[in-house]
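Trainee: Let's see this in three dimensions:
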Amino acid sequence: MKKVFITLVVCLAVFVACTNDKEELLNPSGNDCTGVNASFANDVLPIIQAKCQGCHGAGSTNGPGQLTNYNEIKNAAAKIRTAVVTGYMPKVGGPLPSSEIKMIKCWVDSGTPNN
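Mentor: Next up, the predicted model:
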């Protein structure tokens, strides 16, 4: 019984270690936000409007729902960040260019200012 328990603990530890994605590996060129002053109105909102409104427009129930204004986008910011950094979103049109991923990532990392 003790061997089974130890085996399970080791397997769990290995599984957890393998599932923790390292952002540096997922997006190596976009980790540094030095000098990036991401603006919601000028940078983030236009990306969301151009690349996400087809699936997350008014009335959407996909994922976090509609992403049409600052409050909706702010409330979903962590999910949006993860989805674009991993390349999971947007599903239509493929992953965002690294410059747009970096802009969203840096905006979220800076506290999602309404600027």
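Trainee: neighbours around residue 114, how many?
Mentor: Residue 114: 10 surrounding residues under other Cβ atoms under 10 Å. Just so you know, the C-beta spots here come from the backbone N, C-alpha and C atoms, and that holds for glycine as well.
Trainee: Ok, residue 77 next?
Mentor: 19.
Trainee: Over to residue 57?
Mentor: 13.
Trainee: same check, this time on residue 113
Mentor: There are 13 residues near residue 113, going by other Cβ under 10 Å.
Trainee: My read is that it contacts residue 107, right?
Mentor: Yes: the pair residue 113 / residue 107 is scored as a contact, 7.5 Å apart, by Cβ atoms under 8 Å.
Trainee: so what sits against both of those two?
Mentor: residue 40 (Cβ atoms under 8 Å, 6 or more residues apart in numbering).
Trainee: Any regions of this structure where pLDDT drops low?
Mentor: 1-31 (pLDDT under 70).
Trainee: where exactly do the helices run in it?
Mentor: Here the chain has its helices, by DSSP state H, at 2-19, 23-26, 45-51, 53-56, 70-75, 77-86, 98-109.
Trainee: Give me the contacts around the fifth one.
Mentor: It stands for helix 70-75. 40, 44-45, 48, 64-67, 80, 112, 114.
Trainee: Mark which of the residues you listed are buried, thanks.
Mentor: 40, 44-45, 48, 64, 66-67, 80, 112 (16 or more other Cβ atoms under 10 Å).
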